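>>> quick one: sequence and predicted model below, then my questions.
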Amino acid sequence: MRIDKLLEKEGFGSRKTVKRLFQKKLVKVDGQVVVEGSSNVDSSTHHITVMDQIVNGADHVYYLMNKPKGTVTARTDAKKKTVMDLIQNQDQTPNLYPVGRLDRDTEGLLLITDNGPLGYQLLLPDKQVSKTYEAIINEQVTQADVEHFKKGIVFIGGVVCKPAQLIILSASETESQVQLTIQEGKFHQVKKMFLAVGKKVIYLKRITMGPLHLEETLAPGEYRELNREELERLKEYFR
Ligand code: URA
């Protein structure tokens, strides 16, 4: 990881502040002053200090992506474009992978990290991590549907879903806009839940996952690093 990014992540300040630390020759790697923020380091191998304060952060990276439609949530795919293809070369690290799965035609919040245990924890059914989706449905969603979702939708074959919170944002005979919060991650879950009440999802976007929220300003295909506060909230969640 680039040493300037590591220092930003470890809370030494903004990009500008960190730049000044290099200019003032306050950053050392293995006892040698480093002036290039672009130098690649690994805090488990290098002894990194700022004003003699040891930097020992785990060098994991965490990206919050707004997954665009048409990309596959996978590390690789022989034919189709994956979410990993959207990660720029300088941000790639070995073991980087998307946490969980969004369908090819779904967009929205996707966490991409090389912290295997954290991703694993997030997906554990016992953890019941909340995920909120915005969806457009092909017909009128009713209060009866809201009650049905609250009780627990049953799929063909008898699979029972946990109670889910369905909020109707707007509804007409030909189209409804809804928000749905679920605590599980069954395959095609949201689409199957609506199919169970005879309706079809025509647009789907994930806007939250646990403590992470997708901001309006992150365009489809863009990603950013989690900030320190988000990272703390994420870790707190699984302590
Ligand atoms: N549920 C779905 O049906 N599709 C997704 O991509 C995510 C949740």
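Received, thanks.
>>> when you work out contacts or count neighbours from here on, use the C-alpha atoms and nothing else.
OK.
>>> state the mean pLDDT of the strand ranked longest in the chain.
Longest strand in the chain, counting residues (DSSP state E): strand 201-209. If you average the pLDDT over strand 201-209, you get 98.
>>> quick one: strands adjacent to that strand?
Partners of strand 201-209 in the sheet, by DSSP bridges, are strand 107-113 (parallel), strand 131-137 (antiparallel), strand 212-213 (antiparallel).
>>> kindly reformat those strands as a markdown table containing mean pLDDT.
Output for these, formatted as a markdown table (pLDDT from 0 to 100):
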| stretch | mean pLDDT |
| --- | --- |
| strand 107-113 | 96 |
| strand 131-137 | 98 |
| strand 212-213 | 97 |
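>>> so which of these is the most surrounded?
Mean neighbours per residue, mean count of other C-alpha atoms under 10 Å, is largest over these for strand 107-113, with a mean of 24.
>>> that one and the ligand in contact?
No - contact between strand 107-113 and the ligand is absent, the nearest approach being 7.5 Å (criterion: C-alpha under 6 Å from any ligand atom).
>>> now the strands paired with strand 201-209 in JSON lines, with distance to Asp91?
Converted to JSON lines, these look like this (distance: least, C-alpha to C-alpha, whole Å):
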{"stretch": "strand 107-113", "distance to Asp91": "11"}
{"stretch": "strand 131-137", "distance to Asp91": "26"}
{"stretch": "strand 212-213", "distance to Asp91": "20"}
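>>> how about low-confidence regions in the chain?
Applying pLDDT under 70 to the chain flags residues 44, 56-59, 236-239.
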